[in-house]
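Engineer: Fold the following for me, if possible:
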Amino acid sequence: MERRKLGKTELEVSVLGFGGAEIGFNPQQTQSEVNLLLNSAIDAGLNVIDTAAAYMKSEKMIGEAIQHRRKELVLMTKCGALDGFTKTDWSKKGVQETITQSLRNLKTDYIDVVYLHSCSEEILRRADCIEGLIRAMEKGYTRFVGYSGDNEAATYAIELDFFHCLQISVSIADQAAIDNQIPLATAKQMGIVAKRPLANTVWKYAQKPEDSYLHEYWERLKLLKYDFLEKPLSESISIALRFTMTVPGVATMIVGTTKPYRWQENAKYISEGPLYEEQYEKIRNRWKEIAINKNWKGMI
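Structural biologist: Residues are numbered from 1 along each chain as shown. Alright, predicted model coming up:
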């Protein structure tokens, strides 16, 4: 598995990472499944695991699964949003307490990157949450800090010249950041982590999915009409993932799954490496052609 430098940090990250949201919100997920999922993926080259305090049981399950392999991993989590996004605490004290709880959940004495979890520009301007991150770094709870979010708030976070990393939506259905935030962030040598790089694979649904969370990407792709989405699912997934890994500045892509060995399947899909320039530009040009009149923003 290819590894890339995460911006100006000293971290080397696998180009394909694991996102812990799905295992956290799946009531049927067992610890033994997570143990197999993560350890087999680490054996196959994974070294990036991303989770959040808001992802219910995710941190605890990940901590249990990887505690004996901590030094092999770049471990990331997020603070501010809590308990399945039903609560938030952006205070200096709240940020510190959440990170302390994350350390306990993940069974580690440090986290590699802690992100603020999609807070607004208004909250960033208050700076309480940033003071909490500063204190967490001073205490050695986290090595680096980042902002996870999109659009104007992400732009403001970049311009603060404080964060080491940016986690932002990037996919065939979500390219606003490629034109806006990513160039700004890479100019400041921030590490770029792409979230939702597969756009939730919404093109596999013949009809509009019931889950409203998936509607925006599904509707966008119906208008974009990329020809490669008509190919077998394995081919279309490969092209979609390889598109995201081709975006200049992207260091790693976070893909979630609840199924053991699915990470290895995705790793095989990107084994050909980045797209050829002609393929990449064709997707970019189609986006620009359709999105220009749609005011499509990054999905938070």
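Engineer: V255 - that's part of a strand, no?
Structural biologist: Yes - looking at V255 with DSSP: H, G, I helix; E, B strand; the rest coil, it is inside a strand.
Engineer: Use 51 as the first number for this chain going forward.
Structural biologist: Shifting the count to begin at 51 puts that one at V305.
Engineer: wait, doesn't it sit right on A249?
Structural biologist: No - V305 is beyond contact range of A249, at 11.2 Å (criterion: Cβ atoms under 8 Å). C-beta coordinates here come from the backbone N, C-alpha and C atoms, glycine included.
Engineer: so how far is stretch 96-114 off the chain centroid?
Structural biologist: Remark: stretch 96-114 is offset 12 Å from the chain centroid, using Cα atoms, centre = their mean, to the nearest Å.
Engineer: Just the buried residues of it, please?
Structural biologist: Residues of stretch 96-114 classed as buried under the neighbour-count rule (16 or more other Cβ atoms under 10 Å) are 96-114.
Engineer: and the end-to-end length of it?
Structural biologist: Length of stretch 96-114, first residue to last, Cα to Cα, to the nearest Å: 17 Å.
Engineer: And the strands in this protein?
Structural biologist: In the chain, the strands defined using DSSP state E lie at 53-55, 62-64, 66-69, 98-100, 124-129, 131-132, 137-138, 161-167, 192-198, 215-219, 241-245, 300-306.
Engineer: Make JSON lines out of those strands and add distance to S284 and mean pLDDT.
Structural biologist: JSON lines is the format used below for the strands of the chain (distance: least, Cβ to Cβ, whole Å; pLDDT from 0 to 100):
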{"stretch": "strand 53-55", "distance to S284": "24", "mean pLDDT": "98"}
{"stretch": "strand 62-64", "distance to S284": "21", "mean pLDDT": "98"}
{"stretch": "strand 66-69", "distance to S284": "15", "mean pLDDT": "98"}
{"stretch": "strand 98-100", "distance to S284": "23", "mean pLDDT": "98"}
{"stretch": "strand 124-129", "distance to S284": "28", "mean pLDDT": "98"}
{"stretch": "strand 131-132", "distance to S284": "34", "mean pLDDT": "96"}
{"stretch": "strand 137-138", "distance to S284": "39", "mean pLDDT": "96"}
{"stretch": "strand 161-167", "distance to S284": "31", "mean pLDDT": "98"}
{"stretch": "strand 192-198", "distance to S284": "29", "mean pLDDT": "98"}
{"stretch": "strand 215-219", "distance to S284": "23", "mean pLDDT": "98"}
{"stretch": "strand 241-245", "distance to S284": "20", "mean pLDDT": "98"}
{"stretch": "strand 300-306", "distance to S284": "15", "mean pLDDT": "98"}
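Engineer: And the ones you listed: which comes nearest F75?
Structural biologist: Minimum separation from F75 across the strands of the chain (Cβ to Cβ) falls at strand 300-306, 9.6 Å.
Engineer: thinking again about what came up before, okay, the strands of the chain in CSV with distance to Q151 next?
Structural biologist: Putting the strands of the chain into CSV (distance: least, Cβ to Cβ, whole Å) gives the following:
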stretch, distance to Q151
strand 53-55, 30
strand 62-64, 25
strand 66-69, 20
strand 98-100, 17
strand 124-129, 9
strand 131-132, 9
strand 137-138, 13
strand 161-167, 12
strand 192-198, 13
strand 215-219, 20
strand 241-245, 22
strand 300-306, 21
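Engineer: next one: stretch 75-86 to chain centre, how far?
Structural biologist: Remark: stretch 75-86 is offset 20 Å from the chain centroid, using Cα atoms, centre = their mean.
Engineer: next one: stretch 155-175
Structural biologist: Computed by Cα atoms, centre = their mean, the separation of stretch 155-175 from the middle of its chain amounts to 13 Å.
Engineer: so who does S288 touch?
Structural biologist: 319-320, 322 (Cβ atoms under 8 Å, 6 or more residues apart in numbering).
Engineer: Now for these, which sits with the most neighbours around it?
Structural biologist: I320 (22 neighbours; other Cβ atoms under 10 Å).
Engineer: Roughly how far does that one sit from L210?
Structural biologist: Distance, I320 to L210, by Cβ to Cβ, to the nearest Å: 32 Å.
Engineer: Equivalent analysis for H265, please.
Structural biologist: Note on H265: its distance to L210, by Cβ to Cβ, is 33 Å.
Engineer: So what's the residue count around D224?
Structural biologist: By the measure other Cβ under 10 Å, the count of residues near D224 is 26.
Engineer: separation between it and A290?
Structural biologist: 11 Å.
Engineer: can you list residues touching both of the two?
Structural biologist: A249.
Engineer: Y206 and I173 touch, don't they?
Structural biologist: No - between Y206 and I173 there is no contact under Cβ under 8 Å: 10.3 Å.
Engineer: Thank you kindly, that will do.
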